[in-house]
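[1] Build me a structure from this.
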Amino acid sequence: MNILLSSSLDSFFQLIGVLLIFIFVLVITWLTTKWMAGYQKSHTYNKNLKVIESIRMGNNKLISIVEAGDVYLVVACGKDEIHLLAQLTREQLKDFSFEQNNSATTESFQELFAKMKNKFPKKQG
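    Okay, the predicted model is just below:
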């Protein structure tokens, strides 16, 4: 009887130990993800460079219009390379809606949710 109690107590402590290690790994993963998100957010905000529009041309191939200061560059991005295709002026662009979208990115979730809620009709009944 004593041996059975001892082995079940050892199993219980092993289970608690494994659960504590699992929780520790989850917390470390969560903290690392939070830190990486903050790090990337602080490094992706640029005043001089902005991707205006992109279109996927295939697997790992992309054509983008990039605003660099006052110049618009058309670049082709592949898996291992980036090529300059053309340089555009502001007059050559057809759509300037990207300038109005800058304010939309600062909207809170509550404002976006209210807009979406108003788009759908309310149920009658």
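
[2] tell me the mean pLDDT for the strand or helix carrying Gly38?
    In this assignment (DSSP states H and E), Gly38 forms part of helix 2-44. Averaging pLDDT along helix 2-44 gives 86.

[3] Name the next helix or strand downstream of it, please.
    strand 49-58.

[4] So which other helices or strands are in contact with whatever helix or strand comes next after that next one?
    Heading C-terminal from strand 49-58, the first helix or strand you meet, by DSSP H and E, is strand 61-68. Applying 3 or more CB pairs under 8 Å, 6 or more residues apart in numbering; DSSP states H and E, one finds that strand 61-68 contacts strand 49-58, strand 71-77. Any C-beta I mention is one placed from the backbone N, CA and C, and that applies to glycine too.

[5] okay, those strands, which one's buried deepest?
    strand 71-77 (a mean of 16; mean count of other CB atoms under 10 Å).

[6] quick one on the thing from earlier: for the helices and strands packed on strand 61-68, which has the smallest mean pLDDT value?
    Minimum mean pLDDT among the helices and strands packed on strand 61-68: strand 49-58, a mean of 88.

[7] can you list the residues that contact that strand?
    Leu62, Ile63, Ser64, Ile65, Val66, Glu67, Ala68, Tyr72, Ala76, Leu93, Phe98 (CB atoms under 8 Å, 6 or more residues apart in numbering).
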